[in-house]
Structure formats: C-alpha cells, structure tokens
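Asks: From the sequence below, what's the structure:
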Amino acid sequence: MPPADNNPFAQAAGAYGNTSKQTPNQRELEAHVLMKSARMLNDVRENWDQGSEEALNDALQYNRQIWMVFYDTAVENENSGQSNDFRSNIINLANFIFKREIDIRSNPEKDLLDALISINKELSAGLMSKPQG
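Replies: Now for the predicted structure:
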C-alpha cells in the first residue's frame, strides 16, 4: 500500500478534513475542496506538454473522490431537506464528471479537462456566495 501522502484518495480525505478544521461551514468547505480540484486540473492542463501522467491521474482521482461524496450524499440522503430536483441535478453532474474522466483516460486531450475545471470553479463560486432565503 502506498504511503498516505502519495495516495490521492488519502489526499482528498485529508484536504477535506484539514479544511473542515479551518472552515466555519459546510458550504465553504465544499467550495475550498472544489477549488483545489480545479487548480489541480488546471495545472495539469497548463503543463500538458510536459506530460505528467501521474499528475493527471492524481488530479482525476482527487476530483472523482469529491464527486463520489456529492453523488453518494445526493443518492442516500432523501430526507436531507434538499429538493428532488436539486439532488437529481447533483447526480446528473456527477455522472457527467465520471463519464468525462473515462473519456480523458481513454483519449487524453487537455481540452477535455475544461468542462471539469469550469464546473468545479462555478460550483465553488456559488457555494462561496451567500445562500438565498
């Protein structure tokens, strides 16, 4: 088993845990984790020609872990107070993220990262804004 600091799953969990100690609420925590993932994916995109397969793999795995948490929460928490439409949108976005990761792994092209980066940035910005109502 690889050391925890080389394991992207441990990194994602660790980042989530570390940020939760410094972040006053769940929305900010989720926003910070999404921004970290967007930065990782963007770094891979910007350095694509240097071709770090390990960096690509780490960024995709970190992103998948985040979206697995969102997906599982939306599927399992029917009584969370969130509308069915909201939960359905999260599930659909997660499914898109998972499919895009498969596309990137089967046909690596830096432009395929753009949608993942954009989604994570937009959601992070939305989570950092004040909730309505």
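Asks: Quick one: residues contacting Asn47.
Replies: By CB atoms under 8 Å, 6 or more residues apart in numbering, the contact set of Asn47 is Ala55. For glycine as for every other residue, the C-beta is placed from the backbone atoms N, C-alpha and C.
Asks: And it, what's its pLDDT?
Replies: Asn47 carries a pLDDT value of 96.
Asks: Equivalent analysis for Asn7, please.
Replies: For Asn7, pLDDT reads 57.
Asks: One more: Ser88?
Replies: At Ser88 the predicted local distance difference test score is 95.
Asks: Can you tell me which helix or strand of this protein has the lowest average pLDDT?
Replies: Averaged element by element with mean pLDDT, DSSP states H and E, the chain has its least confident helix or strand at helix 8-22 (a mean of 49).
Asks: Check the offset of stretch 89-96 from the chain's centre.
Replies: 12 Å (CA atoms, centre = their mean, to the nearest Å).
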